[in-house]
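Participant: Give me a 3D structure for the following:
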Amino acid sequence: MSASEYRFNPSESPNYGFTVPDHPSRYLRAFLALIDAYHAWDLDRIIECFDEQLEHRILPSSLGRPVLNKRQYREYLKGIMPLMKSFRVTIHEVIEADEKMTVHASSVGESASGVPYANEYTIIVHFVPVAPGSQALPKMRFVKEFVDSAFSAKFFAEERAKAKLREGR
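Facilitator: So this is what the prediction gives:
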């Protein structure tokens, strides 16, 4: 087959339909620790995965979300977590390059008001390199989280409004 005849099919990628390898890299182990923390819905464990110099972006920029540092991201999550009853992430594909990683993932869950939640993400992570031989998991310094912008904007606006009604505001 010539190069001009080749058509990319993501289902043929060896990374698609992700399963954790027998010997994951320390960067993948760090990312999986973040996913486990989200599954536990444990704010402290989630925040522990990030470097003190975190720059977290929720994209696309049309959402108008500011860049968040670690303290701001913690406060953002504190505001989001009460809106959700359940939250599960599925990893579809992981591409690693040294201390950088790109992940295609999706999530499902249920809001506190019983509304189904489903989103899709492409997450680009830059880790802080860890010294060779260290057993510590690397921390995430730069995170770009591309979300389903139409769904996210509508879902969270509606859920925040419902939460205010429940609180009697």
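Participant: So which residues of the protein form helices?
Facilitator: Secondary structure of the chain (DSSP state H): helices at 26-40, 43-48, 70-80, 149-166.
Participant: Same list, these, but as a markdown table with distance to R57 and mean pLDDT please.
Facilitator: Any C-beta I mention is one placed from the backbone N, CA and C, and that applies to glycine too. Formatted as a markdown table, the helices of the chain follow (distance: least, CB to CB, whole Å; pLDDT from 0 to 100):
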| stretch | distance to R57 | mean pLDDT |
| --- | --- | --- |
| helix 26-40 | 16 | 98 |
| helix 43-48 | 16 | 98 |
| helix 70-80 | 10 | 97 |
| helix 149-166 | 13 | 68 |
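Participant: for those helices, which one sits closest to A112?
Facilitator: Ranking the helices of the chain by their distance to A112 (criterion: CB to CB) puts helix 149-166 first, at 6.9 Å.
Participant: so which of the helices of the chain gets nearest V130?
Facilitator: helix 26-40 (6.4 Å).
Participant: pull the CA atoms of that closest one into CSV?
Facilitator: The C-alpha trace of helix 26-40 is given here as CSV (Å, rounded to 0.1, in the frame of the first residue of the first chain):
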residue,chain,number,x,y,z
ARG,A,26,6.3,5.8,36.3
TYR,A,27,4.4,8.5,34.4
LEU,A,28,1.5,6.2,33.5
ARG,A,29,1.5,5.0,37.2
ALA,A,30,1.2,8.7,38.2
PHE,A,31,-1.7,9.3,35.8
LEU,A,32,-3.5,6.1,37.0
ALA,A,33,-3.1,7.3,40.6
LEU,A,34,-4.9,10.4,39.5
ILE,A,35,-7.7,8.4,38.0
ASP,A,36,-8.0,6.2,41.1
ALA,A,37,-8.2,9.4,43.2
TYR,A,38,-11.0,10.7,41.0
HIS,A,39,-12.8,7.3,41.3
ALA,A,40,-12.5,7.6,45.1
